[in-house]
Each structure stands twice: as C-alpha cells, then as structure tokens.
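Engineer: Pasting the sequence and the predicted coordinates here, then a few questions.
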Amino acid sequence: MAPGSSSTRKGERLVRKDIGRKLDAKRTRRHDVILHLIAEEAEAGRLCTTNAFASKFENNRGLGGKDTIRDRITVLSTKGYIKFRRDARDLGQPYTRSKNGYLVVKDMVVATDEEVIDAETGEVTQATLPVLPSHFLCPRSEALLRSRTRKCGCCTTPRRAANDPLISPSQ
C-alpha cells in the first residue's frame with residue numbers, strides 16, 4: 001500500500017493464504033490442547049510448572065518438542081490464558097523453585113485426597129479445590145506481576161494496588 005493510503009491492512013495475509021490458514025489452525029489446536037491438558041492434570045491432582053509440563057508432554061498429542069511447548073505456553077501466558085501460582089502448598093502440592101510457579105488456567109480445580117458424598121445420589125467423588133493464580137505475565141513487559149485480586153485473573157483484570165512496588169504508577 002502506498003504511504004498515505006486510506007485503507008489499512010489489519011493483519012490479513014497478502015500471500016500464501018492457504019498455508020497461513022493451515023499454520024493458524026495448527027497453532028490454535030496446540031493452544032487448545034495445552035489449556036485442556038493443564039486443566040486435566042490438575043483435576044487428577046497434579047499441578048505442573050512450565051518445564052515439567054513441556055517435559056511430560058514432549059512429542060505427545062502433536063504438541064512438538066519441549067521448546068515448542070514452552071514457546072506456546074509463553075504466548076498463552078502473554079495473552080492471559082495461562083496465569084501462575086507461586087505457592088500451592090495449601091493445595092497439597094510440593095514447594096516449587098520455578099521462576100513462574102505452577103500453571104493455572106480459567107476455572108481450574110485440583111483434586112484432593114478427600115472424598116465427598118453427593119447428598120442426592122450418594123455417589124462418592126474426589127473433593128476438589130479451586131486453583132486461583134497468584135501471578136500473571138504482563139502483556140506489555142512480559143514481567144511476572146502479582147495478582148491483587150484473589151479472583152481468577154483469566155476472566156478479570158487485576159486491580160492495581162497503590163502501594164504495590166511491582167506496578168509503576170503509570171499503569
């Protein structure tokens with residue numbers, strides 16, 4: 001397009017559109033699989049760090065190698081689909097020395113050792129606890145910042161605390 005042209009491109013492909021659509025579909029499928037697997041692992045009582053998840057699912061379910069999985073997790077974190085929980089000992093998980101902590105997705109629950117009996121049906125199921133993030137990845141700076149709300153940051157924007165040293169007043 002010529003400079004000063006009134007029409008803008010808005011991210012549409014100009015060449016190789018078919019290949020681009022195919023790669024977009026593959027990337028979207030990987031994102032969906034990763035988000036589903038993180039939630040599935042937690043429902044089984046296992047929270048994962050980024051490296052542990054990448055190692056466990058390397059070359060499984062069409063996700064590719066460890067580096068590819070880590071890159072996809074970084075993209076999903078930057079877009080806000082994945083948050084982090086630094087300390088999950090209250091959920092029965094071991095302490096992690098990971099830089100980011102455990103992976104957390106929207107509406108995620110972790111299974112506990114306790115059993116719950118449904119009052120209506122009498123069915124015995126494993127008790128679960130909601131997993132709420134403690135940190136999120138800033139989309140602008142990619143810095144790991146503390147969530148100021150105890151609500152899931154996947155569906156709400158965290159409020160800025162006036163006295164929080166991790167957030168500059170300009171945000």
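Structural biologist: That came in fine, so what should we check first?
Engineer: and the residue most central in space within the chain, what are its bridge partners?
Structural biologist: With distances taken as Cα atoms, centre = their mean, the residue of the chain nearest its centroid is residue 82 (1.4 Å). Per DSSP bridges, the residues bridged to residue 82 are residue 105.
Engineer: That one: what's it in contact with?
Structural biologist: 35, 38, 73, 76, 103-105, 137, 154 (Cβ atoms under 8 Å, 6 or more residues apart in numbering). Any C-beta I mention is one placed from the backbone N, CA and C, and that applies to glycine too.
Engineer: Going by neighbour count, which of the residues you listed comes out on top?
Structural biologist: Sorting the contacts of residue 82 by how many neighbours each has (other Cβ atoms under 10 Å) puts residue 103 first, at 29 neighbours.
Engineer: could you say what helices and strands the longest helix anywhere in the chain packs with?
Structural biologist: Scanning the chain for the helix with the most residues, using DSSP state H, yields helix 17-43. Secondary-structure packing of helix 17-43 (3 or more Cβ pairs under 8 Å, 6 or more residues apart in numbering; DSSP states H and E): helix 50-56, helix 66-79, strand 102-105, strand 109-117.
Engineer: switch the cut-off to 6 Å
Structural biologist: Judged by 3 or more Cβ pairs under 6 Å, 6 or more residues apart in numbering; DSSP states H and E, helix 17-43 is in contact with helix 66-79, strand 102-105.
Engineer: Give the residue spans of this protein that score low on pLDDT.
Structural biologist: 1-10, 149-171 (pLDDT under 70).
Engineer: rewinding a little: report the angle between the longest helix of the chain and helix 66-79.
Structural biologist: Angle between the axes of helix 17-43 and helix 66-79 is 90 degrees (criterion: axes from the mean of the first three to the mean of the last three Cα atoms, to 10 degrees).
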